[in-house]
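J.: model the structure of this input:
(one chain, ligands or ions: 2)
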Amino acid sequence: MFDNLSEKLQRVFKNLRGEGRLTAANMEAALKEIRMALLEADVHFRVVKQLIENVRQKALGEEVLTALAPAQQVVKIVRDELVSVLGSQQAKLRFSNDPPSGVFIVGLQGSGKTTTAGKLARWLQRNGHSPLMVSVDVYRPAARQQLSVIGREVKLPVYEGTAEEKLPAELARAARREAANSGRDVLLVDTAGRLHIDEELMLELAQLKALLNPVEILFVADAMTGQDAVRSADEFHKRLGITGVILTKMDGDARGGAALSIRSVTGQPIKFVGVGEKSDALEPFLPERVASRILGMGDVLSLIEKVEEEIDEKQATETARRLLEDEFTLEDFRDHIRQLRKLGPLESILSMMPQVGFLKDLKNVQVDEKQITRVVAIIDSMTPRERAHHGLINGSRRRRIARGSGTTVQEVNLVLRQYAQMRKMMRNLTGGFMGKRLGKLKLSGILEQRI
Ligand SMILES: Nc1nc2c(ncn2[C@@H]2O[C@H](COP(=O)(O)OP(=O)(O)OP(=O)(O)O)[C@@H](O)[C@H]2O)c(=O)[nH]1
Ligand SMILES: [Mg+2]
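T.: Residues are numbered from 1 along each chain as shown. Ligands and ions are numbered 1, 2, ... in the order given. Purely as a prediction, here's the structure:
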């Protein structure tokens, strides 16, 4: 979701590494590039300005120029700054001491409010709560029905209302009574959207707020709308006092800048992100992780968390084994090798990693620029089936692949051997973290060290 930004920043840092030494001059050049990358990714210019200023101050203050690994230090400073812009801690949902806790879902038309209400209900239930949903969108025909359908999908109750309850306030009041009577601890209120912020809607929301006294007013922002999302979040906050933001459609090709701007412009934290249309496509917003993602360190932590949530530990180990063993195909291997090229020379990556057992194996995977190109050509010359099932690749297929890639059978063999080594390494890594649950620490250690 942050592909654009992360690619750009990676290029900047790669150039920094290429310089070998960091000087005051190329540091300025790097800052300029970082500024461009952020602006192009649709980050608000005020946020960019502040961020660059902070990075400059810290980089000078910490005497990066004389440090051993200046490029890495600059990356670390940028990362820390990103985290501080995004909010240094995960912003959790709040709950009232006097349930049901009212949680309003507000935002412009089509931003994803109703979908998000369903996702949030499901998330709440999985985290020990018992939500009741209600739609107070009495304007759009079938809006309330849409929520009922979603309720059935996630198997959670929706207050449907009686024929007499026609006004938003009536529906909200009755739903609260229903939640209290049926022992539901959270009342999720899906509200109507408008194309633009208008007086009527704001008045209605303010009335509902006065009536229910919600603990959370969550502004749902469509990440695809970039700076518009930031502006309307700000406007809603000024008019209504929002308590948090849910950024939807982060699975699309949004440039990610909105995430970096919303908090610093509104002062309110992003609490969740929507990453798809399905009811499980909602993730808590973790600033540290997002900062890492922006800097291009992948999604490994999210993946682990997802696996852990879905299945018990034994099964998780099994899944991870399958994931990394059977599904770590030659194609993944190729992408991985390409990734290494992005990160810089393999030797320097290795020197940044903590001393873990599988390093020995990794060291045997000698990769230099020319070889990367060769490896990619060889894997590209395989059929998709061969890439998915390396066991298929017999002698005659090896000869064909060698011809196709302009290499020799020996070189094809070498690539297959390296691939086998990489799989073994992945297995060791999995055994370490999934099995003993030490992994999170270990793995985040590795990621930490890598930047
Ligand atoms: N890809 C993607 N689509 C999403 C996400 N969240 C919502 N959508 C889609 O966005 C569209 C609008 O979603 P709704 O939930 O109906 O939006 P709304 O804000 O309730 O719309 P109104 O009630 O008309 O104001 C639907 O097609 C959803 O499937 C998301 O995180 N990712
Ligand atoms: Mg809706």
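J.: to what extent is residue 270 buried, counted in neighbours?
T.: Neighbours of residue 270 under the rule other CB atoms under 10 Å: 30. No exception for glycine: its C-beta is placed from N, CA and C like everyone else's.
J.: actually residue 377, sorry about that
T.: Residue 377 has 17 neighbours, counted by other CB under 10 Å.
J.: helix or strand for it, which one?
T.: helix 369-380 (DSSP states H and E).
J.: off-centre distance for that helix?
T.: 30 Å (CA atoms, centre = their mean, to the nearest Å).
J.: in stretch 406-418, what counts as buried?
T.: Across stretch 406-418, burial judged by 16 or more other CB atoms under 10 Å covers 407, 411, 412, 414, 415, 416, 418.
J.: where does residue 232 sit: helix, strand or coil?
T.: Assigned with DSSP: H, G, I helix; E, B strand; the rest coil, residue 232 falls in the helix class.
J.: my bad, should have said residue 42
T.: Going by three-state DSSP: residue 42 is coil.
J.: so it makes contact with residue 228?
T.: No. Residue 42 is beyond contact range of residue 228, at 10.2 Å (criterion: CB atoms under 8 Å).
J.: so those two - more neighbours on which side?
T.: Legend: neighbour count by other CB under 10 Å for residue 42 and residue 228, higher for residue 42 (22 against 13).
J.: quick check: which ranges of the stretch 201-350 of the chain have low pLDDT?
T.: 253-256, 293, 295-327, 336-350 (pLDDT under 70).
J.: quick one, strands of it?
T.: In chain order, the stretch 201-350 of the chain shows strands spanning 216-222, 244-248, 270-274, 282-284, with DSSP state E, counting those that start in this stretch as the criterion.
J.: which neighbours in the sheet does the longest one have, and how are they oriented?
T.: By that I understand strand 216-222. strand 101-106 (parallel), strand 244-248 (parallel) (DSSP bridges).
J.: buried set for stretch 196-206?
T.: Result for stretch 196-206 [16+ other CB under 10 Å]: buried residues 201, 202, 204, 205.
J.: who's in contact with the third one?
T.: With CB atoms under 8 Å, 6 or more residues apart in numbering as the criterion, the residues that contact residue 204 are 168, 192.
J.: where's it relative to residue 189, distance?
T.: 12 Å (CB to CB, to the nearest Å).
J.: which phi and psi does residue 193 have?
T.: Residue 193 adopts backbone torsions of phi -110, psi 160, taken as degrees, to the nearest 10.
J.: residues touching it, list them.
T.: Residues in contact with residue 193 (CB under 8 Å, 6+ apart) are 107, 108, 109, 110, 111, 113, 137.
J.: what's the helix or strand for the residue of the stretch 101-250 of the chain found nearest ligand 2?
T.: For the stretch 101-250 of the chain, the residue closest to ligand 2 is residue 114, as judged by CB to the ion, at 3.3 Å. Using DSSP H and E, residue 114 maps to helix 113-126.
J.: the next helix or strand after that helix versus helix 113-126: what angle between them?
T.: For helix 113-126, the succeeding helix or strand toward the C-terminus, using DSSP H and E, is strand 131-135. Interaxial angle of strand 131-135 relative to helix 113-126 (axes from the mean of the first three to the mean of the last three CA atoms, to 10 degrees): 170 degrees.
J.: can I get the CA coordinates of strand 131-135 in CSV?
T.: Taking C-alpha atoms only, strand 131-135 is exported to CSV below (Å, rounded to 0.1, in the frame of the first residue of the first chain):
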residue,chain,number,x,y,z
PRO,A,131,-21.5,-5.2,19.5
LEU,A,132,-24.9,-4.2,18.3
MET,A,133,-25.1,-2.2,15.1
VAL,A,134,-27.6,0.3,14.0
SER,A,135,-27.9,2.4,10.8
